[in-house]
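# return a 3D structure for these sequence lines:
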Amino acid sequence: MASSWTGERVRLRAVEPDDWTAFARFADDGRHGGRLELPRSAESYRAWAREQAVAEDEGDRFRLAVETTAGEELVGTVASQRTGRHSGWFEFDVMIGAEHRRRGYAAEALTLLLRFMFAERRYHKCLGAIFAHNEASLALTRRLGFTEEGRLRQHVFFAGRHHDLVMMGLLAGEFDQRHTTSQP
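Numbers count the residues shown, from 1 in each chain. You can find the predicted model right below:
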């Protein structure tokens, strides 16, 4: 492993202004997290990528691009979205474009993020809020050692009805048991 941000399949890096075309393509994949989004202009993706490229992390809230180590192809993003710094928790988000799914990219990107947040930032717990119908994401978090901590019944409305949100949690010690937090 060349750095803390590089795994076997993926490398995490800052979002660059030229990444906007890939993010626009990912948006064309359809629904995001199950929600139907309004169409966006190319300029809105350009502006978003420019903003992300110069954004400072805000209290350990940041978004990183996920690219393949082999071809340096942008395949998605991983983020630390919300944090409770005093209590020691953070919430993650991972998005991999439809044509790149089921290749282990999300698992490796999330593992790199978890290693950083637990070992370097000293967080104690990671949370994930996942739609109950999103079996792939639930299976991913379970494989990484997350435990279902609760279910918010009929919590989010989209596609004409309310949906449950499953809260998944992982403690730093649980992560450490499955994955080494130290680098060679």
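# from now on I want contacts and neighbour counts done on CA atoms only, so please keep to that.
Noted.
# and the strand or helix carrying His163, which strands flank it?
Assigned by DSSP states H and E, His163 falls within strand 161-171. Strand 161-171 pairs in its sheet with strand 125-131 (antiparallel), strand 147-158 (antiparallel), by DSSP bridges.
# alpha carbons only: can I get it in CSV?
This file holds the C-alpha atoms of strand 161-171, laid out as CSV (Å, rounded to 0.1, in the frame of the first residue of the first chain):
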residue,chain,number,x,y,z
ARG,A,161,-44.7,6.2,-0.4
HIS,A,162,-42.8,6.2,2.9
HIS,A,163,-39.7,4.1,3.5
ASP,A,164,-37.8,2.7,6.5
LEU,A,165,-34.3,3.9,7.2
VAL,A,166,-32.0,1.3,8.9
MET,A,167,-29.3,2.7,11.2
MET,A,168,-26.1,0.8,11.1
GLY,A,169,-23.2,1.3,13.5
LEU,A,170,-19.6,0.3,13.8
LEU,A,171,-17.3,0.9,16.8
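# can you give me the mean pLDDT across the helix or strand just after it?
Going down the chain from strand 161-171, the next helix or strand is helix 172-178, by DSSP H and E. Across helix 172-178, pLDDT averages out at 95.
# if we can go back for a sec, can you say which of the strands paired with strand 161-171 is packed in most?
Across the strands paired with strand 161-171, the average number of neighbours (mean count of other C-alpha atoms under 10 Å) peaks for strand 125-131, which reaches a mean of 22.
# and the contacts of it?
Residues outside strand 125-131 that contact it (C-alpha atoms under 8 Å, 6 or more residues apart in numbering) are 33-34, 88-93, 114, 118, 137-138, 163-172.
# average pLDDT for the lengthiest helix in the chain?
In the chain, with assignment by DSSP state H, the single longest helix is helix 42-54. Average pLDDT, helix 42-54: 91.
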